[in-house]
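[1] coordinates only, sequence not included:
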Ligand SMILES: Nc1nc2c(ncn2[C@@H]2O[C@H](COP(=O)(O)OP(=O)(O)OP(=O)(O)O)[C@@H](O)[C@H]2O)c(=O)[nH]1
Ligand SMILES: [Mg+2]
């Protein structure tokens, strides 16, 4: 019995619990008496292997436990007839190790799965948290915006359109127009219940476009002669614009086009227009007197369109302006095209357009857009003066550097490229 107990301790260690001992009688064939000892280890030893183990009291006999770590050892008594060998009557030796490893592995697996799950959920949770924060921030900003708006010196426009308001100011669009346009857009945004940046841009763009008067020039073949007179300040690109239009109408629209040059004032003006008409193959009449003008108009009376180039006139020069006014009266143009440069300051543009108003301009053309950093001045002018813009010129190339004006296009020039918030 003592030997059996010693063997149990040796096999299972000092923490071994003796669960049951039983004497086994020798067989009829002569075997000697034996002791069967059932021993085991407490469950907790498998949960957390430890070196310092306090021995728990043995579980109540006689029901043996064959739970984890239980071994039954059969030991013969010290008897010289039988060799003093021990025999494991049940579970093979690796039982404890196998069970312990499986549990450890299981735990490790569980831990692994748990950490993978946490890692997988982390970004989603983070995004949700950021979304929530954003939503809260939006409402706070909106509340603050409403509050500030009512304060002296508060926000000029509602929060969702504020970036676009600032963009319009950066483009040199007039402050009052920018504010009105953005407030109109803000109202629409509120009604739709959407205020993401892309949508806000679309609504501001539409509101802006509705303030840009544009009208194309259309001519029909064989329906009498349309007379187009080009006027405007010096050097803005009147003659170049006229040449661009002449090529478009004759080559692209297949119309018959004649040209009248009335600029006897600037040196080189006649050569400029003559060279062009020679190259383009268009009939040209240069006029110096009223009689010349009558003859020229008569000569070109069977053309679909007659384009008339005038000398650049400063609105401040009264004598020059009077001459121009007399010329307009004699020609009675179907359209008076007022050419202005996009590089001119708003104040000068406004003064110039108001001076030309008496001549009855029916269309505006903006030139040198390629040389202008911002387009707010010309758009403000068009919006305020309500003279339809017909063409935009953005280079010296004839006829390529010209496009038909469109409200959306002008609005886009102010707001910048497609995208979310302005840069
Ligand atoms: N960059 C740029 N240059 C232009 C544009 N339109 C005209 N020009 C240039 O501006 C200069 C003056 O052009 P003109 O067509 O002679 O101007 P104008 O108004 O007829 O001039 P005056 O008859 O002297 O009053 C020329 O060098 C043109 O090539 C444009 O859209 N962009
Ligand atoms: Mg000219």
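    Cool, got the structure. Only a predicted model underlies this, so the values are computations on that prediction, with no experimental measurement involved. Ligands and ions are numbered 1, 2, ... in the order given.
[2] show me where pLDDT drops low in the stretch 101-250 of the chain?
    101-103, 105-106, 109, 123, 138-154 (pLDDT under 70).
[3] that one against ligand 1: which residues are in contact?
    234-240 (Cβ under 6 Å from any ligand atom). Where C-beta positions appear, they are placed from N, C-alpha and C, glycine not excepted.
[4] would you mind trimming those residues to those in range of ligand 2?
    238-239 (Cβ under 5 Å from the ion).
[5] okay, the residue nearest to residue 316 when sequence neighbours are not counted: pLDDT?
    In space, residue 316 comes closest to residue 355 once its chain neighbours are excluded; the distance is 8.0 Å by Cβ to Cβ, 6 or more residues apart in numbering. Note on residue 355: pLDDT of 92.
[6] give the buried residues for stretch 116-130.
    Within stretch 116-130, no residue is scored as buried using 16 or more other Cβ atoms under 10 Å.
[7] ok, stretch 199-212 next?
    Of the residues in stretch 199-212, 200-209, 211-212 count as buried by neighbour count, 16+ other Cβ under 10 Å.
[8] from the residues of the stretch 101-250 of the chain next to ligand 1, which single one is nearest ligand 2?
    Using Cβ to the ion, residue 239 comes nearest to ligand 2 of those, at 3.3 Å.
[9] now the residue found closest to that closest one once you drop the neighbours it is linked to in the chain: phi and psi?
    Closest residue in space to residue 239, ignoring its immediate chain neighbours: residue 309 at 5.2 Å, by Cβ to Cβ, 6+ apart. Torsion angles at residue 309 (phi, psi; degrees, to the nearest 10) stand at phi -100, psi 130.
[10] doesn't residue 21 lie inside a strand?
    Yes. Counting by DSSP: H, G, I helix; E, B strand; the rest coil, residue 21 is found in a strand.
[11] show the pLDDT at the residue nearest to it when sequence neighbours are not counted.
    Distances taken as Cβ to Cβ, 6+ apart put residue 37 closest to residue 21, at 5.2 Å, once the chain neighbours are dropped. We have a pLDDT of 73 for residue 37.
[12] returning to that earlier point: to what extent is the residue nearest to residue 316 buried, counted in neighbours?
    Other residues near residue 355 number 15, with proximity taken as other Cβ atoms under 10 Å.
[13] starting at the chain centroid, how far to stretch 335-354?
    Using Cα atoms, centre = their mean, to the nearest Å, the distance from the centre of stretch 335-354 to the centre of the chain it belongs to is 35 Å.
[14] next one: stretch 384-404
    How far stretch 384-404 lies from its chain's middle: 30 Å, per Cα atoms, centre = their mean.
[15] where's residue 406 relative to residue 8, distance?
    Separation of residue 406 from residue 8 (Cβ to Cβ, to the nearest Å): 98 Å.
[16] more neighbours: which of these two?
    Using other Cβ under 10 Å, the more surrounded residue of residue 406 and residue 8 is residue 8, with 23 against 15.
[17] helix, strand or coil: sort out the residue nearest to residue 316 for me.
    Under the three-state scheme (three-state DSSP), residue 355 adopts helix.
[18] quick check: it touching residue 321?
    Yes. Residue 355 is within contact range of residue 321, at 7.2 Å (criterion: Cβ atoms under 8 Å).
[19] list the contacts of stretch 237-254.
    217, 219, 221, 228, 230-232, 255-257, 259, 263, 269, 272-273, 276, 280, 282, 304-305, 307, 309-310, 312, 337, 339, 341, 365, 367-368, 391, 393, 396, 398-399, 401-402 (Cβ atoms under 8 Å, 6 or more residues apart in numbering).
[20] next, the buried residues of that stretch.
    Residues 237-250 are the ones in stretch 237-254 that count as buried (16+ other Cβ under 10 Å).
[21] likewise for stretch 221-240?
    Those buried within stretch 221-240 under the rule 16+ other Cβ under 10 Å are 225-233, 236-240.
[22] run through the bridge partners of residue 286.
    Beta bridges link residue 286 to residue 261 when assigned by DSSP bridges.
[23] can you tell me the closest non-neighbouring residue to whatever residue of the stretch 301-423 of the chain ends up closest to ligand 1?
    Relative to ligand 1, the nearest point of the stretch 301-423 of the chain is residue 312 (2.2 Å; Cβ to the nearest ligand atom). Using Cβ to Cβ, 6+ apart and skipping residues adjacent in sequence, the residue nearest residue 312 is residue 234, 3.2 Å away.
[24] now the one you found: phi and psi?
    Here is the backbone geometry of residue 234 (degrees, to the nearest 10): phi -70, psi 140.
[25] let me see the contact set for it.
    Residue 234 touches 312-314, counting by Cβ under 8 Å, 6+ apart.
[26] for those, give me a markdown table that also has pLDDT, distance to ligand 2 and neighbour count.
    A markdown table is the format used below for these (pLDDT from 0 to 100; distance: Cβ to the ion, whole Å; neighbours: other Cβ atoms under 10 Å):
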| residue | pLDDT | distance to ligand 2 | neighbour count |
| --- | --- | --- | --- |
| 312 | 91 | 6 | 20 |
| 313 | 85 | 11 | 25 |
| 314 | 84 | 14 | 12 |
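[27] OK, contacts around the residue nearest to residue 316?
    Contact analysis of residue 355 by Cβ under 8 Å, 6+ apart lists 315-316, 321.
[28] list only buried entries from those.
    315, 321.
[29] now for residue 355 and residue 321: what residues contact both?
    Taking Cβ under 8 Å, 6+ apart as the contact rule, residue 355 and residue 321 both touch residue 315.
[30] residue 333 touches residue 225, doesn't it?
    No. Assessed by Cβ under 8 Å, residue 333 is found out of contact with residue 225, at 10.7 Å.
[31] and the strands in the stretch 151-300 of the chain?
    For the stretch 151-300 of the chain, the strands defined by DSSP state E, counting those that start in this stretch cover 226-231, 257-261, 284-286.
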